[in-house]
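J.: Pasting a predicted model and its sequence here:
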Amino acid sequence: MQKRRTKIIATLGPATGSPKVLKELIEAGADVFRINLSHGTHDEHIASAQRVRDVARLLGREVALLADLRGPKVRIGAFGDGPVELAAGDRFTLDASDADVAGTGDRVSVTYKGLADDVSPGNLLLLDDGLLEMRVVEIRSRDIICEVETGGILRDRKGINIRGGGLSLPGIAEHDKEDIRHAAQLGVDYLAVSFPRNASDMHDARRRLREAGSQARLVAKIERSEAIENLEEIVAASDAVLIARGDLGVEIGDAKLPGLQKLITSKSLEHNRIVITATQMMQSMVESPIPTRAEVLDVANSVFDGTDAVMLSAETAVGRHPQTVVEAMDRICVGAEKHNETRLGCDNLNVQFQRIDQAIAMAAMFMANNVSVQAIVALTESGSTAQWLSRVRTAVPIFALSTQRSSLRRMALYRGVYPVAHDFQGTDVEESLLEGIRLLLQQGYIKVGDRIIMTMGEHTRNEGGTNSLRLVQVGADGYLEYNPSLDIH
């Protein structure tokens, strides 16, 4: 049976609050769990993270945790008497003077006082992910007077975007600074930075994260027009990139979104960064037990484009069928990966080798795509070799063996990489190799007679020390056979 290479991220929420559901999601194929810091309390996040770790340990699986910062999102305040209904042609005022004033039928406060300085008459404001549209007519002091163009029900705390962007908010909001420290305490493996404008925002987040004592990797969420203008530098400053199609689509318009999704994917791959595709991928399955054909094609096309991971949000956080939706996404990804379009050679990489382990990884992938082998086995401490191996798409599974739990969890997000705990305590490399091969045989990942490519260093427990590459055949009892006359085709 073909192993899925594209990774699946599931968002935690009320629907995933029990260990039983988490067990079902992991068994269905979830590789990473997302904690959305926009919802819940710090204590609830701590409890959720602990449940994931406990269930994963009981199942013997390595899964990663991704914390998602709230970011500098502009929102309306609360209404005094509940939601209001707005119709096209209505006048409605956004009050940027006091965020604590209760809203009425014709006005509501906003959380960002600078909004009155960032907009001008003629700007189109989009509320509630674009479900309502208002055109700015006039600015009076801190009052933004608008005319409703697309009406609907407006509820408390809904977000506001400007078509075409233009908000002067910093990339790291005040509440994000505390949330970064909180994420470090949670022990997350990845931290997603919401609404970054440029590389400086990513550098700021990384500095704060390291000061908090965390070595988590940084994910840049591309969801502002300004981020598109500075895409190259943001990608270069990040470890991974998340295509947040919700806010991005609202700001730039739906007609431009498909092309930008492909641009962000290709630019991330050019820089050898992990790329995640997100937002409403299986939205109908919040209620329905089966996806629409459009959703099936959306997920599959993301795989064809080269995404490393696909993400579920409300589908698992509050959906009625969290296990079923993960199973459906797993099935669609495997189907898409069977097509030749998902295989690329090493010449597609924009690689300038700065370390020996990078060169070894690329040599291994070139060999894997030109020689008949059944597996690639990487002995890696930090996981960096596995990350480089994952940058070339191939049908050959990559088994990454490490003694470091933090490395194993990070590798759960790497496309085509299957992390395996290798609790070898010795220092002899040959013994470590044999123990690793026997472990893979016992778990059924490889079998006697398989030809495999192995990468390793001269010394065990040496991070970044991978400097060797071997092509071998698995012999009886896990011994490795080196046969120079072996037919490699």
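T.: Ah, there it is.

J.: ok, which stretches of the stretch 51-200 of the chain are helices?
T.: Assigned by DSSP state H, counting those that start in this stretch, the helices in the stretch 51-200 of the chain fall at 115-118, 174-186, 199-211.

J.: who wins for proximity to Val325 among those helices?
T.: Among the helices of the stretch 51-200 of the chain, the nearest to Val325 by C-beta to C-beta is helix 174-186 (24.7 Å). To be clear about C-beta, it is placed using only N, CA and C from the backbone, and glycine gets the same treatment.

J.: returning to that earlier point: how about the helices of the stretch 51-200 of the chain in TSV, adding mean pLDDT and distance to Thr394?
T.: TSV is the format used below for the helices of the stretch 51-200 of the chain (pLDDT from 0 to 100; distance: least, C-beta to C-beta, whole Å):
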stretch	mean pLDDT	distance to Thr394
helix 115-118	95	47
helix 174-186	97	33
helix 199-211	98	30
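
J.: nearest to Ala30, of those helices?
T.: Comparing the helices of the stretch 51-200 of the chain by C-beta to C-beta, helix 174-186 comes nearest, at 17.7 Å.

J.: If you count neighbours, what's buried in that closest one?
T.: Residues Asp176, Asp179, Ile180, Arg181, His182, Ala183, Ala184, Leu186 are the ones in helix 174-186 that count as buried (16 or more other C-beta atoms under 10 Å).

J.: ok, Gln215 to Val420 distance?
T.: Separation of Gln215 from Val420 (C-beta to C-beta, to the nearest Å): 21 Å.

J.: cool, Ile35 as well?
T.: Applying C-beta to C-beta, the value for Ile35 to Val420 is 25 Å.

J.: what about these two, which has more around it?
T.: The neighbour comparison of Ile35 against Val420 (other C-beta atoms under 10 Å) goes to Ile35, with 25 against 20.

J.: can I assume that one is in contact with Ala49?
T.: Yes. Between Ile35 and Ala49 there is a contact at 6.5 Å, judged by C-beta atoms under 8 Å.

J.: which residues are in contact with both of these two?
T.: Counting by C-beta atoms under 8 Å, 6 or more residues apart in numbering, the shared contacts of Ile35 and Ala49 are Leu65, Leu186, Val188.

J.: mind listing the strands in the stretch 1-150 of the chain by residue range?
T.: Applying DSSP state E, counting those that start in this stretch to the stretch 1-150 of the chain gives strands spanning 7-11, 32-36, 64-68, 84-86, 91-95, 107-109, 124-127, 132-140, 143-150.

J.: what packs against the last one?
T.: Translated: strand 143-150. strand 91-95, helix 115-118, strand 124-127, strand 132-140 (3 or more C-beta pairs under 8 Å, 6 or more residues apart in numbering; DSSP states H and E).

J.: what angle do it and strand 91-95 make?
T.: For strand 143-150 against strand 91-95, the angle by axes from the mean of the first three to the mean of the last three C-alpha atoms, to 10 degrees is 140 degrees.

J.: could you check the angle strand 132-140 makes with strand 143-150?
T.: Inter-element angle recorded for strand 143-150 and strand 132-140: 150 degrees (by the same axes, to 10 degrees).

J.: List the buried residues of strand 143-150.
T.: Judged by neighbour count using 16+ other C-beta under 10 Å, the buried positions of strand 143-150 are Ile144, Ile145, Cys146, Val148.

J.: Can I get that strand in CSV, CA atoms only?
T.: What follows is strand 143-150, C-alpha atoms only, in CSV (Å, rounded to 0.1, in the frame of the first residue of the first chain):
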residue,chain,number,x,y,z
ASP,A,143,-15.5,58.2,12.7
ILE,A,144,-15.3,56.3,9.5
ILE,A,145,-18.6,56.8,7.7
CYS,A,146,-19.4,54.1,5.2
GLU,A,147,-22.1,53.0,2.8
VAL,A,148,-23.0,49.3,2.8
GLU,A,149,-22.6,47.7,-0.7
THR,A,150,-23.1,44.1,0.3
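
J.: Just checking: what are the partner strands of that strand?
T.: Using DSSP bridges, strand 143-150 pairs in its sheet with strand 91-95 (antiparallel), strand 132-140 (antiparallel).

J.: Just the residues contacting it, thanks.
T.: Outside of strand 143-150, the residues within contact range by C-beta under 8 Å, 6+ apart are 86-97, 107, 110, 115-116, 119, 124-125, 131-139.

J.: Please name whichever of the strands of the stretch 1-150 of the chain is nearest to Ala363.
T.: Per C-beta to C-beta, nearest to Ala363 of the strands of the stretch 1-150 of the chain: strand 7-11, 24.6 Å.

J.: ok, the closest one: who's next to it in the sheet?
T.: strand 32-36 (parallel), strand 309-312 (parallel).

J.: From the chain's centroid, how far away is the shortest one?
T.: What it means is strand 309-312. 7 Å (C-alpha atoms, centre = their mean, to the nearest Å).

J.: which outside residues touch that strand?
T.: If you take C-beta under 8 Å, 6+ apart as the criterion, strand 309-312 is touched by 6-11, 31-32, 34, 242, 274-279, 281-282, 299, 302-303, 325-326, 329, 333, 413, 415.

J.: So which of the residues you listed sit within helices?
T.: Within the contacts of strand 309-312, residues falling in helices by DSSP state H are Val299, Ser302, Val303, Val325, Val326, Met329, Cys333.

J.: tell me which of these is nearest to Arg206?
T.: If you rank those by distance to Arg206 using C-beta to C-beta, Ser302 comes first, at 26.8 Å.

J.: Could I get the contacting residues of that closest one?
T.: So, once contact is read as C-beta under 8 Å, 6+ apart, Ser302 ends up touching Gln261, Thr265, Thr277, Met281, Val310.

J.: so the most centrally placed residue in the chain bridges to which residues?
T.: Centroid check for the chain by C-alpha atoms, centre = their mean gives Ile276 as the closest residue, at 4.4 Å. Counting by DSSP bridges, Ile276 is bridged to Leu242, Ala309.

J.: My guess is it contacts Ala244. True?
T.: No. Ile276 lies out of contact with Ala244 (C-beta under 8 Å); the separation is 9.1 Å.

J.: about what we covered before: would you turn the buried residues of strand 143-150 into a markdown table with pLDDT and distance to Thr316?
T.: Converted to a markdown table, those look like this (pLDDT from 0 to 100; distance: C-beta to C-beta, whole Å):
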| residue | pLDDT | distance to Thr316 |
| --- | --- | --- |
| Ile144 | 97 | 37 |
| Ile145 | 98 | 41 |
| Cys146 | 98 | 36 |
| Val148 | 98 | 34 |
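
J.: wait, Val286 sits on Thr316?
T.: No. Between Val286 and Thr316 there is no contact under C-beta under 8 Å: 9.3 Å.

J.: between those two, which one's more packed in?
T.: A count of neighbours by other C-beta under 10 Å puts Thr316 above the other of Val286 and Thr316, at 30 against 20.

J.: And the contacts of whichever helix or strand that one is part of?
T.: For Thr316, the enclosing helix or strand under DSSP states H and E is helix 314-317. When contacts are defined by C-beta under 8 Å, 6+ apart, helix 314-317 is touched by residues 10-16, 25, 30, 36, 281-283, 285-286, 322, 325-326.

J.: That's all I had, so thanks and see you.
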